[in-house]
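Enquirer: here is my input, please return the structure:
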Amino acid sequence: MAILKHISSKNADYGAAEQYLTFQHDEFSMKPTLDENGRLVPREDFRIATLNCGGEDFAVACMRANLRYGKNQKREDVKSHHYIISFDPRDGPDNGLTVDRAQALGERFCAEHFPGHQALVCTHPDGHNHSENIHVHIVINSLRIEAVPLLPYMDRPADTKAGCKHRCTNAAMEYFKSEVMELCHKEQLYQIDLLHGSKERITEREYWAQKKRQLALNRENEQRTAEGKPAAPTKFETDKARLRQTIRKVLDQATTFDEFSALLLHEGVTVKESRGRLSYLTPDRTKPITARKLGDDFDKAAVLALLEQNAVRAAEKAAAIPEYQAGISRRPQRTETPKIAPTNSTLQRLVNREAKRAEGKGAGYDRWAAVHNLKQMAATHNFLTQNDMTDLDRLDAAEAESRAALAEKRQALKEIETALTAKKELRKAAGEYRHTKPTVEAYKKLKGKKAESYRQANEADFIIHEAAGRKLKELLRGGKLPAAAKLNAEIESLISAKNAAYNEYRAAKAEHDTLFAAQQNAQKLYRSQTQSRRKAKEQER
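Expert: Next comes the predicted model:
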């Protein structure tokens, strides 16, 4: 799944960002890696491009712009913003994501969402932990050098003006996350819902603390082993990780909130509730850790829901005990429903070797196809046996049912996409209309030559305003234009719905592909067996 990170920097050396992207750095100290001659070691593979720099180096262009507008001259000023889009490691082998394709996506994302900013876009094929996840770095100068149209995440007039600075607000990050999700859906890449938190929220600070302390622990164990001393625990866990384990262990036992609090207190953890939110205080801390910092699984709603489930499960277990009479040994009968969902996603269709030979395929391909067909025959037989589908009529019915379900999922996804496109068009037209309305209102107050010269000077705004007005009439059809906040909320809701519908569609498609391959293979397999039996009988006669 693609994730989005943001880092703001007060470093006035813009060249340091480019140096980090193009040369190797130590993942813990962030210092550049030097060779035996003391020179920087370039990264093995990367793609890099600049936007809105006028053919100059990124650092030079940014410093020129800062001097021109008199901005970013103080130590406390945010000089640049660094956004990182990290794609799922599976996108490479499964969805054909390459470094060049990711670079093109990053440049397009930057041009659409950070117009008017000098930018540096760089793509790396692997992360610091060697997880083989392609990721894109977007570094922009905080200063805007061109006036831009009002974008959905902007809420102040200064956000569109040249000489003003970029602001990464919570609303802006929510918008960027939704756009990353939309980008992955369009490109058919793996994606999760970025707008509704995570079960375990691990911050950048906690992640690096775990990595650094784990490395120190490994070195300490190596030294202790060399000295013949017993090794310490091999896995380092942060305070938050241990607290999460303690809470989960208690949640498996408790059935009420009072019991939950008492069991936690027995473990040395005090749970507090303030304004409907939970926080946890450990013995070694003076300030409690809020549930929001631990993850969504530890907030009040999730805790109460799990406690209620435990209470229901305990009541059912207690009620089931009297049903067994003394002296009678009863064994519960297990009734398993036949599996309809595919259990093997690697099933592939058989290759028609005769047709391929007629197309001109050589002996090497024919040998591969023979081995492939043998493997798929065995896989098909196992699949049909495991899912109780050796009867071809049952297999045909399951395939038809899966095909119908896939069509429903596809139609539902298309309906959501259509609604989302209409809402985005409405938001764009409304933004253009609101942005150019002050120009039109000012024109109405003028008369004579001043009005004529004013209209000629702002002809582009009038054209955009009139076009946006016509578009709004077409989309609203006499209805009332919703507020910008409400419209953004509707779009975010539709994006979340599309994300869920898209995941359901992919699961349904994988299921149908497997069933269809099994159906086609079964027809060829059993037909060939029937034909061979018929030939054997004819030879006996």
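Enquirer: find the nearest non-adjacent residue to Ile145, please.
Expert: Counting by CB to CB, 6 or more residues apart in numbering, Ala65 is the residue found nearest to Ile145 once chain neighbours are left out, at 5.0 Å. Backbone N, C-alpha and C define where each C-beta goes, glycine included.
Enquirer: and if you look at Arg64?
Expert: Using CB to CB, 6+ apart and skipping the chain neighbours, the partner closest in space to Arg64 is Glu56 (7.4 Å).
Enquirer: give the rounded mean pLDDT of stretch 270-284.
Expert: With pLDDT averaged residue by residue, stretch 270-284 scores 84.
Enquirer: quick one: pLDDT of Asp193?
Expert: Model confidence at Asp193, given as pLDDT, is 60.
Enquirer: ignore the last one, Leu51
Expert: Residue-level confidence at Leu51 comes out at 94, pLDDT.
Enquirer: repeat that for Gln333.
Expert: Per-residue confidence (pLDDT) for Gln333: 47.
Enquirer: the residue nearest to Arg64 against Met63, yeah?
Expert: No: here Glu56 lies out of contact with Met63, judged by CB atoms under 8 Å, at a distance of 9.8 Å.
Enquirer: who has more neighbours, those two?
Expert: Neighbours were counted for Glu56 and for Met63 using other CB atoms under 10 Å; Met63 has more, 19 against 13.
Enquirer: host element of the more buried one?
Expert: Taking DSSP states H and E as the criterion, the element that holds Met63 is helix 58-69.
Enquirer: and that helix, what's buried?
Expert: Buried positions in helix 58-69, judged by neighbour count with 16 or more other CB atoms under 10 Å: Phe58, Ala59, Ala61, Cys62, Met63, Ala65, Asn66, Tyr69.
Enquirer: in the stretch 351-500 of the chain, which spans are helices?
Expert: Secondary structure of the stretch 351-500 of the chain (DSSP state H, counting those that start in this stretch): helices at 353-358, 363-386, 392-444, 448-457, 459-476, 484-540.
Enquirer: let me have those helices in CSV, extended by mean neighbour count, distance to Thr225 and mean pLDDT.
Expert: Conversion of these to CSV gives the following (neighbours: other CB atoms under 10 Å; distance: least, CB to CB, whole Å; pLDDT from 0 to 100):
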stretch, mean neighbour count, distance to Thr225, mean pLDDT
helix 353-358, 12, 57, 86
helix 363-386, 15, 45, 84
helix 392-444, 16, 55, 89
helix 448-457, 11, 79, 87
helix 459-476, 15, 70, 88
helix 484-540, 16, 46, 79
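Enquirer: ok, Gly469 - contacts?
Expert: Applying CB atoms under 8 Å, 6 or more residues apart in numbering to Gly469 gives the contacts Tyr433.
Enquirer: next one: it from Leu426, what distance?
Expert: In this view, Gly469 and Leu426 are 13 Å apart by CB to CB, to the nearest Å.
Enquirer: same check on Glu441?
Expert: Counting by CB to CB, the gap from Glu441 to Leu426 is 22 Å.
Enquirer: those helices in the stretch 101-250 of the chain, which residues are they?
Expert: According to DSSP H, counting those that start in this stretch, the helices that the stretch 101-250 of the chain contains are 170-186, 204-226, 239-251.
Enquirer: domain map for the protein?
Expert: Taking automatic domain parsing as the reference, the chain has its domains at 3-196, 237-322, 398-516.
Enquirer: Asn221: which of the ones you listed is closest?
Expert: Taking CB to CB as the criterion, Asn221 comes closest to domain 237-322 out of the domains of the chain, the separation being 15.2 Å.
Enquirer: mind checking how far that closest one is from the chain centre?
Expert: Here the centre of mass of C-alpha atoms in domain 237-322, compared against the chain's by CA atoms, centre = their mean, to the nearest Å, lies 28 Å away.
Enquirer: for stretch 261-274, list the C-alpha coordinates in CSV.
Expert: Extracted in CSV, the C-alpha atoms of stretch 261-274 (Å, rounded to 0.1, in the frame of the first residue of the first chain):
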residue,chain,number,x,y,z
SER,A,261,-8.9,-1.1,34.9
ALA,A,262,-8.2,-3.4,37.8
LEU,A,263,-6.2,-5.9,35.7
LEU,A,264,-4.2,-3.0,34.2
LEU,A,265,-3.5,-1.6,37.6
HIS,A,266,-2.3,-5.1,38.7
GLU,A,267,0.2,-4.8,35.8
GLY,A,268,1.3,-1.4,37.0
VAL,A,269,-0.6,0.6,34.4
THR,A,270,-3.2,3.2,35.3
VAL,A,271,-6.0,3.9,32.8
LYS,A,272,-7.6,7.3,32.8
GLU,A,273,-10.6,8.8,31.0
SER,A,274,-10.8,12.5,30.1
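Enquirer: reformat the buried residues of helix 58-69 as a markdown table; add pLDDT.
Expert: As requested, these are exported to a markdown table (pLDDT from 0 to 100):
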| residue | pLDDT |
| --- | --- |
| Phe58 | 93 |
| Ala59 | 93 |
| Ala61 | 93 |
| Cys62 | 94 |
| Met63 | 94 |
| Ala65 | 93 |
| Asn66 | 93 |
| Tyr69 | 92 |
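Enquirer: follow-up on the earlier one: residues contacting the residue nearest to Ile145?
Expert: Residues near Ala65 by CB under 8 Å, 6+ apart: Gln118, Asn141, Leu143, Ile145.
Enquirer: rewinding a little: of the helices of the stretch 351-500 of the chain, which is nearest Arg275?
Expert: Closest to Arg275 of the helices of the stretch 351-500 of the chain is helix 484-540 (CB to CB; 23.2 Å).
Enquirer: now the closest one and helix 170-186, what's the angle there?
Expert: Per axes from the mean of the first three to the mean of the last three CA atoms, to 10 degrees, the angle that helix 484-540 makes with helix 170-186 is 20 degrees.
Enquirer: from the contact counts, what lies against helix 484-540?
Expert: When contacts are defined as 3 or more CB pairs under 8 Å, 6 or more residues apart in numbering; DSSP states H and E, helix 484-540 packs onto helix 170-186, helix 363-386, helix 392-444.
Enquirer: nearest residue to Asn521 in space, please, no chain neighbours.
Expert: Thr380 (4.2 Å).
Enquirer: for that neighbour, give me its contacts.
Expert: Each residue near Thr380 by CB under 8 Å, 6+ apart is listed here: Leu347, Ala517, Ala518, Asn521, Ala522, Leu525.
Enquirer: hmm, 7 Å instead?
Expert: Residues touching Thr380, when contacts are defined by CB atoms under 7 Å, 6 or more residues apart in numbering, comprise Leu347, Ala518, Asn521, Ala522, Leu525.
Enquirer: just the strands in the stretch 51-200 of the chain please.
Expert: Assignment of strands within the stretch 51-200 of the chain using DSSP state E, counting those that start in this stretch yields the ranges 80-86, 117-124, 135-144.
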